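Trainee: Model the following, please.
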Amino acid sequence: MSVLVPMADSEFDGFLAALIPGYSADKVAAGQWSEEESLELSRKLIAEILPQGIATQDHSFFTILGEDGATRVGVLWIVRKLQAGKPIAHIYDIEIEPEHQRQGHATRALNALEAMAPDLGVTGIALHVFGHNASAQALYAKLGFEIKGISMFKALE
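Mentor: A predicted model of the protein is given here:
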């Protein structure tokens, strides 16, 4: 049973419709963007990153399936890039639908991605996690991801 299947073209618009406001909200929560500008900045950034949409080179989009092999429980977006001269899969987004969270789907998806590494030709997996997302940080640490840097900020207002 496959956990990750290539995202269908027909799913991509819905993926973007959820991604843009979600990323916008994360950037606001992280104190990086103001609420007033966040949606426009999110739209602009995603358009720059994905100029050919789902067909943008080196980007792969997956639907995460539940244990029944049929129920869509989330999405995974990766980009293949070089890090320290080696090819890696950088996770740009992993989302589990709210009604399917806390059921092990993210763990299964990340383990499936790791198992796909030889087929993808990558030697590692990287990701960014917002500081306010403690549950995701705990999951990634449990799965063996190591912190490679920490950004810090102190508001003076």
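Trainee: Which positions within the helix or strand encompassing Ile46 qualify as buried?
Mentor: If you go by DSSP states H and E, Ile46 is part of helix 35-49. Neighbour-count burial for helix 35-49, counted by 16 or more other CB atoms under 10 Å, picks out Ser38, Leu39, Leu41, Ser42, Ile46. Yep, even glycine has a C-beta here, placed from its N, CA and C like the rest.
Trainee: So what's the gap between the top helix by length along the chain and the chain middle?
Mentor: Across the chain, the longest stretch assigned as helix under DSSP state H is helix 9-29. Mean-position distance between helix 9-29 and its chain equals 11 Å (CA atoms, centre = their mean, to the nearest Å).
Trainee: From the centroid of the protein, which residue is nearest?
Mentor: Taking CA atoms, centre = their mean, the centroid of the chain lies closest to Asp93, which sits 1.2 Å from it.
Trainee: what is that residue paired to in the beta sheet?
Mentor: Beta-bridge pairing for Asp93 (DSSP bridges): Trp77.
Trainee: was I right about it contacting Ile64?
Mentor: No - judged on CB atoms under 8 Å, Asp93 makes no contact with Ile64 at a distance of 11.2 Å.
Trainee: list residues touching both of these two?
Mentor: By the contact definition CB atoms under 8 Å, 6 or more residues apart in numbering, Asp93 and Ile64 are jointly contacted by Val75, Leu76.
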